[in-house]
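*Asks:* What follows is a predicted structure for the sequence shown.
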Amino acid sequence: MNNTKPAKINYDFIDSLRFISMFGIVMEHSSFFFGAKFKYFDEKIVQIFSLQFFKFGTIIFFLLAGFLIGDKFNTYSTKEYLKRRLQNTVKPWLFWVVVLFVLNYIDIAVRNIKSGDPTFMGKSIANILGDFGDIVFNTSYWFIPNFLICIAILLLFRKYLYNIFFGGFLLILSLSYSINLYLDIFPTSHTTALFGFIFYLWLGVQINRHYEKFKIITQNTCMSILIALTFITFMLSSWESYYLLVKLPNDPFNTLRISNIIYSLVCFALLYKLGDKISLNKFKPSIFTFGIYLVHQILVFRLMPLIFRPLHISFENKSAYYFLSIQLLTFAVVYTSSILLVYVINKVPSMRWIVGR
């Protein structure tokens with residue numbers, strides 16, 4: 001048997017890179033800049049830079065997931081793979097979706113009781129199902145159903161997995177979402193882009209297959225070139241967001257902007273190039289990453305309002321610099337609390353499954 005890849009070292013790095021990407025995703029979800037309108041140019045720049053800097057997280061997550069899938073597809077049958085995925089991913093995901101759903105309704109009940117209104121006034125079965133659907137598709141929890149759809153499509157076309165034309169077709173699907181930001185033919189939200197991320201999962205599979213070539217190319221690429229490309233693509237992504245914000249403000253920070261796609265791929269190459277310099281193995285990132293994803297949105301939605309209310313924090317008529325300070329405060333509280341919560345859960349063996357272990 002020919003073992004050509006240093007799997008353990010590489011997988012340790014992937015754990016570190018996923019953890020860094022999750023850091024960026026939590027920072028983005030801690031922001032209150034989405035939908036905010038600012039009058040002055042400098043405030044628009046603060047808004048754009050704040051949202052763009054870590055915008056590589058989602059695409060890198062799909063790349064890394066595809067890399068790992070490249071091995072799993074060769075190890076397990078379709079049935080075995082789906083069974084493991086349901087056990088390790090869907091069960092904990094569904095648990096936390098239900099937790100957020102219940103907490104949202106507890107909040108509604110408390111507010112209605114305080115105001116003297118019927119506890120669930122006007123809530124039909126359709127309304128309740130709609131509220132559940134909003135959590136699944138319009139919060140960070142969208143990632144898992146989208147991810148599973150992407151996997152299902154790759155499994156369905158498994159015999160074409162390494163076909164370059166199949167990859168080209170998937171790339172066209174992804175770029176159609178980029179173009180649609182300017183045409184607005186169908187909904188632009190990246191959370192409903194069911195076919196927009198399959199290409200990056202497929203690309204991760206190809207990196208796994210050609211890992212040695214990928215490693216040689218990145219090792220032979222000058223670090224200063226990658227840093228320069230990262231800066232250039234960051235500025236281009238920021239410019240595109242600015243253009244969309246001014247001209248077509250429906251979704252100016254969409255993950256599938258063509259400039260952000262390029263920025264994310266360059267960031268992936270740069271972070272890989274950094275290698276051991278950003279290794280977080282002593283922190284055991286594989287234990288925390290999925291758990292942080294599962295719990296952080298609940299903390300943003302349910303914990304932060306409890307902190308904001310007594311502090312009388314509001315966003316009306318506030319500057320972009322105020323928004324940025326609240327984003328950093330929210331991130332510090334949510335990220336720290338997420339790590340602590342996942343750490344405590346992992347200390348209870350019977351509970352580890354709810355954070356994906």
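*Replies:* Happy to help now that I have it. No experiment lies behind these values; they were computed from the predicted model shown. Residues are numbered from 1 along each chain as shown.
*Asks:* Give me the buried positions along the helix or strand in which Ile128 is found.
*Replies:* Applying DSSP states H and E as the criterion places Ile128 in helix 125-138. Buried residues in helix 125-138, defined by neighbour count with 16 or more other CB atoms under 10 Å: 135-136. Bear in mind the C-beta positions are built from the backbone N, C-alpha and C, glycine included.
*Asks:* Put the alpha carbons of it into PDB.
*Replies:* C-alpha atoms of helix 125-138 as PDB (Å, rounded to 0.1, in the frame of the first residue of the first chain):
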ATOM      1  CA  ILE A 125     -49.100  25.800  13.400                       C
ATOM      2  CA  ALA A 126     -48.000  27.400  10.200                       C
ATOM      3  CA  ASN A 127     -46.400  30.300  12.100                       C
ATOM      4  CA  ILE A 128     -44.600  27.900  14.400                       C
ATOM      5  CA  LEU A 129     -43.300  25.800  11.500                       C
ATOM      6  CA  GLY A 130     -42.200  29.100   9.800                       C
ATOM      7  CA  ASP A 131     -40.300  30.100  12.900                       C
ATOM      8  CA  PHE A 132     -38.600  26.700  13.000                       C
ATOM      9  CA  GLY A 133     -37.700  27.100   9.300                       C
ATOM     10  CA  ASP A 134     -36.300  30.500   9.900                       C
ATOM     11  CA  ILE A 135     -33.800  29.000  12.400                       C
ATOM     12  CA  VAL A 136     -32.800  26.300  10.000                       C
ATOM     13  CA  PHE A 137     -32.400  28.400   6.900                       C
ATOM     14  CA  ASN A 138     -31.800  32.000   8.100                       C
END
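*Asks:* Report the mean per-residue pLDDT for that helix.
*Replies:* Averaging pLDDT along helix 125-138 gives 87.
*Asks:* Tell me which other helices or strands the helix or strand following it touches.
*Replies:* Scanning forward in sequence from helix 125-138 by DSSP H and E, the next helix or strand is helix 143-156. Contacts defined by 3 or more CB pairs under 8 Å, 6 or more residues apart in numbering; DSSP states H and E place helix 143-156 against helix 57-75, helix 78-85, helix 198-209.
*Asks:* Lowest average pLDDT across the ones you listed?
*Replies:* Among these, helix 78-85 scores lowest, with a mean of 77.
*Asks:* Skip ahead from the helix or strand harbouring Phe231 and say which helix or strand is next.
*Replies:* Using DSSP H and E, Phe231 maps to helix 223-247. Next helix or strand after helix 223-247 toward the C-terminus (DSSP H and E): helix 258-274.
*Asks:* Spatially central residue for the chain, please.
*Replies:* Thr58 (3.8 Å; CA atoms, centre = their mean).
*Asks:* Look up the closest residue to that one, ignoring the ones flanking it.
*Replies:* Thr255 (5.0 Å; CB to CB, 6 or more residues apart in numbering).
*Asks:* Tell me, what's the model's pLDDT at that neighbour?
*Replies:* Looking at Thr255, the pLDDT reads 92.
*Asks:* Ramachandran coordinates for it?
*Replies:* With angles defined as degrees, to the nearest 10, Thr255 sits at phi -60, psi -30.
*Asks:* Distance of it relative to Asn180?
*Replies:* Counting by CB to CB, to the nearest Å, the gap from Thr255 to Asn180 is 13 Å.
*Asks:* Neighbour count: those two, which is higher?
*Replies:* More crowded of Thr255 and Asn180, by other CB atoms under 10 Å: Thr255, with 22 against 18.
*Asks:* Quick check: the more buried one touching Ile59?
*Replies:* Yes: applying CB atoms under 8 Å, one finds Thr255 in contact with Ile59, separated by 6.7 Å.
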